[in-house]
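# quick one: sequence plus predicted model below, questions after.
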Amino acid sequence: MRSLAVDVYQYAYPLVVMDLTRRQMTNVPDAHTVSMRAPVNQFAHVRAHPSGEAREVVRFNFDTLYSFAWLDVGDEPVIVSVPEEKERYYLVPMLDMWTDVFAVPGTRTTGGHAGDFAVAAPGWEGELPDGVELLRAPTPLVWIMGRTQANGPADYPNVHPFQDSFRLTPLSRWGHAYSPPAEVATDPNVDEVTPPVVQANSMTGMEFFTRFARLLKTHPPHFNDH
């Protein structure tokens, strides 16, 4: 029984940590108040290389500037628009809640061409506008960890406009002028300070598995994990 519990804990760990990470990184009123954090369906552009102590992700790389976004596509797809850029390396990895990467638009995979990608939940059915490519997400919550090549601090002014050209648009607002809400409500119960891994490691067994069971209702295991 102990061995089984360890196996389940290891299997559940990525999903629980992703949920804690999402809650912490989106519990802000706007995309500017706290570095690396933004409300759901908004980009948080990191304007400089992070410090060596930064732990929002396990290990940052230090030759790119990050553009983070958490998408909720449970109600409708969100269209991720990326600009054309064939000289400067960039990538836009998209992770599901199990930490699996399911799409990576960017210079290596899409040739640096401009593109509009509708990220949709597993059960979504509908039509997309012409020129918009469907990306079927395995879970209704998605973490985007965009990265753009930055050749040191002197290059930052060249990277920032490129970061600002990334766009997130709900499908229902496509083709119309759209700006995300200027301010959203926050949850005072969210721990905004303790790193998500530390939060997960501090849970009792009951707390951990209860959270895991709740998350499974929204994010069932992948088919190959059954």
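Right, received. Where do you want to start? Numbers count the residues shown, from 1 in each chain.

# does Asp187 touch Asn27 like I think?
Yes: shown here, Asp187 and Asn27 form a contact pair, counting by Cβ atoms under 8 Å, at 5.6 Å. Every residue, glycine included, has its C-beta placed from N, CA and C.

# have a look at those two and say which one is more surrounded.
Using other Cβ atoms under 10 Å, the more surrounded residue of Asp187 and Asn27 is Asn27, with 20 against 9.

# what helix or strand is the residue minimising distance to the centre of the chain located in?
Taking Cα atoms, centre = their mean, the centroid of the chain lies closest to Trp143, which sits 1.7 Å from it. Element membership for Trp143, per DSSP states H and E: strand 141-149.

# still on that earlier bit, pretty sure the residue nearest to the centre of the chain is touching Met18, no?
Yes: the criterion here is Cβ under 8 Å, and Trp143 meets it with Met18 at 7.0 Å.

# which residue ranges form the helices in this protein?
Under the criterion DSSP state H, helices of the chain are mapped to 2-26, 107-110, 156-164, 196-202, 205-218.

# what's the first one in contact with?
By Cβ atoms under 8 Å, 6 or more residues apart in numbering, the list of residues contacting helix 2-26 from outside reads 36-40, 44, 56, 68, 70, 95, 97-99, 141, 143, 187, 190-192, 196-197, 199-200, 203, 205, 208-209, 211-212, 215-216, 219, 225.

# of those residues, select the buried ones using a PyMOL command.
Per 16 or more other Cβ atoms under 10 Å, the buried members of those correspond to this PyMOL selection:
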select buried, resi 36+37+38+39+40+44+56+68+70+95+97+98+141+143+196+199+200+208+209+211+212+215+219
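
# now do the shared contacts for Trp143 and Met18.
Counting by Cβ under 8 Å, 6+ apart, the contacts common to Trp143 and Met18 are 95, 97.

# show the contacting residues for the residue nearest to the centre of the chain.
By Cβ under 8 Å, 6+ apart, the residues touching Trp143 are 18, 21-22, 68-71, 94-95, 97.
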